[in-house]
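Peer 1: coords please:
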Amino acid sequence: MKRIIPSTDNSSEREICPSQDIFILGSEPIPGMTPDDIRQIYSENKTEEMLSGAYAAVYNKVFWVEDDIYDFDENTPEYCRAVEITDSWVTLMNELESVIFDILRRRGISVPDSGTLTVLIPFMDKNGYDFCDGWWIEKQTV
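Peer 2: Next up is the predicted model:
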């Protein structure tokens, strides 16, 4: 993740991200890893810090691999494989999000049916992540 240029954009995401720079994802998140690899790593260290790191990496991975779908004509083998890969990462993202939401509910925080960033941002912030330009970024890089 790199800051590339100062932003003059005043969009709502600008309000979420404390940096005034634009962030782009310059390389694939967690290359060579599968959703099962992440499940295994998280199962060995079920802390909020690990959960937040796993969620950030998987969320970013979802939107990285999802872009591959648009590279292929529908119903081709390549398209079907890209959808399959994306779906496997989305499933894991939803699993991790569900764990976060369970933690928040136990703390008495109401999780909305839509607009869940309103509760995800404080949780992730507490655990070292900012939401910038559609990506979860470790605070030390912001």
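
Peer 1: please, where are all the helices along this structure?
Peer 2: 12-16, 35-43, 48-66, 77-106, 117-126 (DSSP state H).

Peer 1: so for residue 28, which of these sits nearest?
Peer 2: Residue 28 lies closest to helix 48-66 among the helices of the chain, at 5.6 Å (C-beta to C-beta). Every residue, glycine included, has its C-beta placed from N, CA and C.

Peer 1: mind checking how far the spatially most central residue of the chain is from residue 104?
Peer 2: Closest residue to the average C-alpha location of the chain: residue 59 at 2.2 Å, with C-alpha atoms, centre = their mean. The gap separating residue 59 from residue 104 is 16 Å, by C-beta to C-beta, to the nearest Å.

Peer 1: cool, and residue 112?
Peer 2: Distance, residue 112 to residue 104, using C-beta to C-beta: 11 Å.

Peer 1: between those two, which has more neighbouring residues?
Peer 2: Set side by side, residue 112 and residue 104 show more neighbours around residue 104, with 17 against 9, by other C-beta atoms under 10 Å.

Peer 1: hmm, back to that, kindly reformat the helices of the chain as TSV containing distance to residue 138.
Peer 2: Below are the helices of the chain laid out as TSV (distance: least, C-beta to C-beta, whole Å):
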stretch	distance to residue 138
helix 12-16	15
helix 35-43	17
helix 48-66	7
helix 77-106	16
helix 117-126	10
